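> Take a look and give me a structure for this.
(chains A, B, C and D)
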Number of protein chains: 2
Amino acid sequence: MFSQIDQVRRFNRVVSQRAGTLDQSYLGQGRPLGEARLLFEIGHDGGNARELRDRLGLDSGYLSRLLRALESQGMIVVTPSETDRRVRDIQLTDAGRAQVETYDRLSDDLASSILAPLDERQKAKLVEAMAQVERLYRAAAVTVSAESPATVDARACVDQYIRELNQRFDTGYDPDTAGPLDDSEFLPPDGVFVVARLDGKAIGCGGLKRLDAETGEIKRLWVSPDTRGLGLGRRLLVELEALAQQRGMARVCLDTNGTLVEAQALYHAQGYVEVAPYNDNPYAQHWFEKRL
Amino acid sequence: MFSQIDQVRRFNRVVSQRAGTLDQSYLGQGRPLGEARLLFEIGHDGGNARELRDRLGLDSGYLSRLLRALESQGMIVVTPSETDRRVRDIQLTDAGRAQVETYDRLSDDLASSILAPLDERQKAKLVEAMAQVERLYRAAAVTVSAESPATVDARACVDQYIRELNQRFDTGYDPDTAGPLDDSEFLPPDGVFVVARLDGKAIGCGGLKRLDAETGEIKRLWVSPDTRGLGLGRRLLVELEALAQQRGMARVCLDTNGTLVEAQALYHAQGYVEVAPYNDNPYAQHWFEKRL
DNA sequence: AATTTTATCTGACTAAAGTCAGAGAATGTT
DNA sequence: AACATTCTCTGACTTTAGTCAGATAAAATT
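Numbers count the residues shown, from 1 in each chain, chains lettered A, B, ... in the order given. Predicted coordinates for the structure are as follows:
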């Protein structure tokens, strides 16, 4: 444990030293770093002034001045948005696009300069390790928080969950057949609903409802397809088990369809054991429980 | 190739975002970032003003003012050095040490916060990948440059090389027996000597001398023990082969002792083939050559 | 002993980065 | 229609970071 933290610190030190040289190379392009970063950001993820302010965490007065500077350099065109004329839409000019390309080339050059001194085997190893670090950083950046199943994000997750079941089940999936879609069962004090987010975007969910005094049921456990493999399903499951324990439940159970093989593997790995049917969900073919 | 650079860029972006939060957390300690970084550096690798100036690349006037600020805050004590009263020795006070510990705790907290959301397997994987990245970053940061075999660094490398041979050979090693230690054979235009450096420190070397019109001999190939495994031996060898080719040599040869098994493995891997003895070096038991 | 070099310090700057308090216009809410 | 909120802009600031040209003293070199 101790040496793990040490390794992370050594890593941070070595890596941020290199990353700093990128910032440095953005200078000497006749533009202060703040402007360069803003321009780079506009060039890549675009957006209007408000979004940029949020993303980069800038003071509105400061941003305004930076935009004015880029505008007077002919890098961008700022116009009031069609839909809300308080907000400013920002467009790159041709010159702006050219400048962003220059910055891209600098980023590429930095990347190349890291790889260049290495032989092919080392390059491949480094890139693989980087991909691993990036993947796990993303996994670590996921937050899981309890909230009402009625929030926009929670509903969006459940919608995607239902759509996916409908695709995967041989019989299709009609949520009404499985039992009434009743949000209130996931509300405190008896139930709870959790949503996982990455960079503010909802990417997974799970619900816990009470079946009886000592039993909770886990439902709607879902992880968005593009974030699978990050161990998020396990994290949501563990979170929900902890919440069940907090509510005095001695065991949790859940049902699942035969086509969801990854889910069943997860349940087994987390110590769930198959039990006799405890409900008559027509889509369920396996029933599990775990003592807490 | 394309996607490798892409991966490096994605990595840089994700990682430097996180590393940036460390700098941020150093603020809010009632001290500007420049001062905080200097204090952190003093606390860890210490040194006098000149060393710090070199390491952090600061202007001498700027550093002087930073030191004065830290001094007036009671974090450090600055005194003229005993050995050279122009240079300033810097000592942390108790308060300074306490502050450095606070910064350490912040670094630890950041490291923990990255690991915390992951399960044990993921933690282990991340730390391993980080170690890999760090190792290869170090390998990539090594520079190899041609210089006179008479420079301080070149001599230091050759000294260590000789000392190591003396330890490893059953018979010991006396450089005079192997032939006169003549630096001039490694001097242009016929010869060349290269030194490898990491963070300014010499960590390896190699020499090329001309045997005849079309033959070069590689000698004094050495890598410091603590940087072995970074592929540095191969890099020096490749570098010397390229320099031989530039000098119109059609082949290079070298001799080696039986105890240096890693070296022989390297020569084989790089396409060298064993040949009959081409000299009467008493320490040599194997002779290799490679056509360029 | 005279000269040069090295390490630090001081004064006088500049540019960049960021903060804060309003003001004005558009949009939402009651 | 009145009021509150949101988004942006402007003016007036401050702090931080960094540069540059000497000045001074100690050490190294000639």
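> Please tell me how far the residue of the stretch 51-200 of chain A at minimum distance from DNA strand C sits from A:Leu67.
Per Cβ to the nearest atom of the strand, the residue of the stretch 51-200 of chain A with the smallest distance to DNA strand C is A:Gly61, at 2.8 Å. Quick note: C-beta positions are derived from backbone N, CA and C, even for glycine. Note on A:Gly61: its distance to A:Leu67, by Cβ to Cβ, to the nearest Å, is 11 Å.
> of the two, who's got more company?
Counted by other Cβ atoms under 10 Å in any protein chain shown, A:Gly61 and A:Leu67 do not tie: A:Leu67 has more neighbours, with 20 against 8.
> Please identify which helix or strand holds the more buried one.
Under the criterion of DSSP states H and E, A:Leu67 resides in helix A:60-72.
> Quick check: pLDDT value at the residue of the stretch 51-200 of chain A closest to DNA strand C.
Listed pLDDT for A:Gly61 reads 95.
> so where's the stretch 51-200 of chain A shaky on pLDDT?
Confidence mapping of the stretch 51-200 of chain A against pLDDT under 70 gives the ranges A:177-181.
> Any chance you could note which residues of it sit beside DNA strand D?
The stretch 51-200 of chain A has residues A:53, A:60-61, A:63-65, A:67-68, A:78, A:84, A:86-88 near DNA strand D, with proximity defined as Cβ under 7 Å from any atom of the strand.
> What's opposite the most centrally placed residue in chain A in the beta bridge?
Nearest to the geometric centre of chain A sits A:Leu198, at 2.2 Å (Cα atoms, centre = their mean). Beta-bridge partners recorded for A:Leu198 (DSSP bridges): A:Lys201.
> Also A:Arg291?
On the basis of DSSP bridges, A:Arg291 is bridged to A:Arg251.
> Can you get me a residue count around it?
Neighbour count of A:Arg291, defined by other Cβ under 10 Å: 10.
> show me what contacts the residue nearest to the centre of chain A?
A:Arg138, A:Ala141, A:Val142, A:Thr143, A:Thr227 (Cβ atoms under 8 Å, 6 or more residues apart in numbering or on different chains).
> Distance check, it against A:Val223.
Separation of A:Leu198 from A:Val223 (Cβ to Cβ): 11 Å.
> How is A:Asp170 assigned, secondary-structure-wise?
coil (DSSP: H, G, I helix; E, B strand; the rest coil).
> Identify the residue spatially nearest to it, adjacent ones excluded.
A:Thr259 (7.0 Å; Cβ to Cβ, 6 or more residues apart in numbering or on different chains).
> Quick check on that neighbour: phi, psi?
As for A:Thr259, its main-chain torsions (degrees, to the nearest 10) stand at phi -70, psi -20.
> Can you get me a residue count around the closest residue to A:Asp119 other than its chain neighbours?
Leaving aside its chain neighbours, A:Asp119 sits nearest to B:Gly231 (5.9 Å; criterion: Cβ to Cβ, 6+ apart). Other residues lying near B:Gly231 total 20 when counted by other Cβ under 10 Å.
> next one: the one 10 residues further on
Burial of B:Glu241, expressed as a neighbour count using other Cβ under 10 Å, amounts to 20.
> and if you look at the one 10 residues further on?
Using other Cβ under 10 Å, B:Arg251 has 16 neighbouring residues.
> can you check A:Gln24 too?
A count of nearby residues for A:Gln24, using other Cβ under 10 Å, gives 11.
> now A:Glu289
For A:Glu289, using other Cβ under 10 Å, the count is 17.
> Could you find the closest non-adjacent residue to it?
A:Cys253 is the one closest to A:Glu289 (Cβ to Cβ, 6+ apart), at 4.0 Å.
> Please name the residues that touch that neighbour.
By Cβ under 8 Å, 6+ apart, the contact set of A:Cys253 is A:Leu211, A:Thr215, A:Gly216, A:Glu217, A:Ile218, A:Val275, A:Tyr278, A:Trp287, A:Phe288, A:Glu289, A:Lys290.
> Quick check: which element contains the fourth one?
I take that to be A:Glu217. Per DSSP H and E, A:Glu217 falls inside strand A:215-223.
> now the helices for chain A?
Using DSSP state H, the helices of chain A run over residues A:2-26, A:33-45, A:49-56, A:60-72, A:94-115, A:120-140, A:152-168, A:232-246, A:261-269.
> what does stretch A:74-88 contact?
A:39, A:42, A:48-50, A:67, A:70-71, A:89-93, A:95-96, A:99.
> Just give me how far it sits from the chain centre.
For stretch A:74-88, the separation from the chain centroid amounts to 29 Å (computed by Cα atoms, centre = their mean, to the nearest Å).
> That one close to DNA strand C?
Yes - interface with DNA strand C: stretch A:74-88 contributes A:Asp84, A:Arg85, A:Arg86 (Cβ under 7 Å from any atom of the strand).
> Just the buried residues from the contacts of A:Cys253, in PyMOL please.
To isolate the buried subset of the contacts of A:Cys253 in PyMOL, counting by 16 or more other Cβ atoms under 10 Å in any protein chain shown, use the following:
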select buried, chain A and resi 211+215+216+217+218+278+287+288+289+290
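> Out of the contacts of A:Cys253, flag the one nearest to DNA strand C.
Minimum distance to DNA strand C across those is 35.6 Å, recorded for A:Ile218 (Cβ to the nearest atom of the strand).
> Find the nearest non-adjacent residue to that closest one, please.
In space, and not counting its chain neighbours, A:Ile218 is closest to A:Leu254: 4.4 Å by Cβ to Cβ, 6+ apart.
> For A:Asp174, which residues are in contact?
By Cβ under 8 Å, 6+ apart, the contact set of A:Asp174 is A:Asn166.
> Narrow the contacts of stretch A:74-88 to just the buried residues.
Burial of the contacts of stretch A:74-88 was assessed by neighbour count (16+ other Cβ under 10 Å); the buried members are A:Leu39, A:Ile42, A:Asn48, A:Ala49, A:Leu67, A:Leu70, A:Asp89, A:Ile90, A:Leu92, A:Gly96, A:Gln99.
> residues contacting the residue nearest to A:Asp119?
Counted by Cβ under 8 Å, 6+ apart, B:Gly231 has contacts A:Leu118, A:Asp119, A:Gln122, B:Ala139.
> what's the farthest-apart pair in the residues you listed?
Using Cβ to Cβ, the contacts of B:Gly231 span at most 9.5 Å, a distance reached by A:Asp119 and B:Ala139.
> more crowded one of those two?
Shown here are A:Asp119 and B:Ala139; by other Cβ under 10 Å, B:Ala139 has more neighbours (20 against 13).
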